[in-house]
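K.L.:
Pasted the sequence and its predicted model underneath.
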Amino acid sequence: EPEVTQTPSHQVTQMGQEVILRCVPISNHLYFYWYRQILGQKVEFLVSFYNNEISEKSEIFDDQFSVERPDGSNFTLKIRSTKLEDSAMYFCATSLREVVDTQYFGPGTRLTVL
Amino acid sequence: RKEVEQDPGPFNVPEGATVAFNCTYSNSASQSFFWYRQDCRKEPKLLMSVYSSGNEDGRFTAQLNRASQYISLLIRDSKLSDSATYLCVVNERNYGQNFVFGPGTRLSVLP
């Protein structure tokens, strides 16, 4: 069964550093999403991406964050100048269509900011 | 602020029990509804979509009441492998997917 993959599985960084989290979507999927889950808390929507542009973003997704799909396969989340509170699990998800469609989640990247 | 609320849990039930989870959502414009399950430190995985007419998949039955803005999940004959956190997920938009997750209800099925 096709699956979403994410790298790295765990990223440790110093506060103030930039990190890039990578996701390889399911090959024929067109819609891409990033979510985060702080330990012990609920999953929170960050951003959705379609046709090489952001289609929606939450209030969490401020200027510190950016997304891109640089090579037509990887979908990346960049976090500039990381803060301690950015420590969380970051999940990529993809869907084939937009309306009422199922989202398939990758295994996540655990980001630890020291 | 638009929210999705769930039973706080945890639910501890013996194998073979029937267990029901409840979920309410505040945005009446919400268009689609899902139950996901999440194992500890793993990604959410789709359990089932929830349709207005109600739907069943083996031991799992989901119901939607739009008037009351209420969603339920019933698990019959629970198995040890059903132990997980069950997430109620609401898509608030008809076009575009703003998935709003509930906090989850943890289920432990005991031998």
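P.N.:
Happy to help now that I have it.

K.L.:
Show me what from chain A comes close to chain B.
P.N.:
A:31, A:33, A:35, A:41-45, A:48, A:55-56, A:58, A:89, A:91, A:95, A:98-108 (CB under 8 Å from any CB of the partner chain). Where C-beta positions appear, they are placed from N, C-alpha and C, glycine not excepted.

K.L.:
switch to 6 Å and redo it
P.N.:
Contact residues, chain A versus chain B (CB under 6 Å from any CB of the partner chain): A:Lys42, A:Val43, A:Phe45, A:Ser48, A:Ser55, A:Glu56, A:Phe91, A:Val100, A:Thr102, A:Phe105, A:Pro107, A:Gly108.

K.L.:
Export the helix or strand harbouring A:Tyr90 to CSV, keeping only CA atoms.
P.N.:
A:Tyr90 belongs to strand A:88-95 when assigned by DSSP states H and E. Coordinates of each C-alpha in strand A:88-95 appear next as CSV, following Å, rounded to 0.1, in the frame of the first residue of the first chain:
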residue,chain,number,x,y,z
ALA,A,88,6.7,18.7,18.8
MET,A,89,5.9,15.9,16.4
TYR,A,90,5.3,17.2,12.9
PHE,A,91,3.1,15.2,10.6
CYS,A,92,2.9,15.5,6.9
ALA,A,93,-0.4,14.3,5.3
THR,A,94,-1.5,14.0,1.7
SER,A,95,-4.8,13.5,-0.1
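
K.L.:
Which residues does it contact?
P.N.:
Residues outside strand A:88-95 that contact it (CB atoms under 6 Å, 6 or more residues apart in numbering or on different chains) are A:4, A:6, A:21, A:23, A:25-26, A:29, A:31-38, A:101, A:103-106, A:108-111, B:43.

K.L.:
run the last query once more with 8 Å
P.N.:
Contact partners of strand A:88-95, identified using CB atoms under 8 Å, 6 or more residues apart in numbering or on different chains, comprise A:4, A:6, A:21, A:23, A:25-26, A:29-39, A:43, A:75, A:77, A:101-106, A:108-111, B:41, B:43-44, B:97.

K.L.:
and chain B, which of its residues are near chain A?
P.N.:
B:31-32, B:34, B:38, B:41-46, B:49, B:87, B:91, B:93-104.

K.L.:
Now do the same contact list for residue 84.
P.N.:
In the absence of a named chain, chain A is used. A:Leu84 touches A:Met15, A:Val113, A:Leu114, counting by CB under 8 Å, 6+ apart.

K.L.:
wrong one, chain B
P.N.:
B:Arg37, B:Gln38, B:Asp39, B:Arg106, B:Leu107.

K.L.:
what does A:Val12 give?
P.N.:
A:Thr112, A:Leu114.

K.L.:
Can you name the residues bridging to it?
P.N.:
Assessed by DSSP bridges, A:Val12 has beta-bridge partners A:Thr112.

K.L.:
Let me know the pLDDT of it.
P.N.:
Looking at A:Val12, its pLDDT reads 97.

K.L.:
mind checking how far it is from chain B?
P.N.:
Here the criterion is CB to the nearest CB, to the nearest Å. By it, A:Val12 lies 16 Å from chain B.

K.L.:
if we can go back for a sec, if we only consider the contacts of A:Leu84, which is nearest to chain B?
P.N.:
A:Val113 (17.9 Å; CB to the nearest CB).

K.L.:
Low-confidence bits of chain A, can you list those?
P.N.:
A:98-100 (pLDDT under 70).

K.L.:
residues touching the spatially most central residue of it, list them.
P.N.:
Nearest to the mean C-alpha position of chain A, by CA atoms, centre = their mean, lies A:Trp34 at 3.2 Å. With contacts defined as CB under 8 Å, 6+ apart, the neighbours of A:Trp34 are A:Leu21, A:Cys23, A:Leu46, A:Val47, A:Val67, A:Leu77, A:Tyr90, A:Phe91, A:Cys92, A:Ala93.
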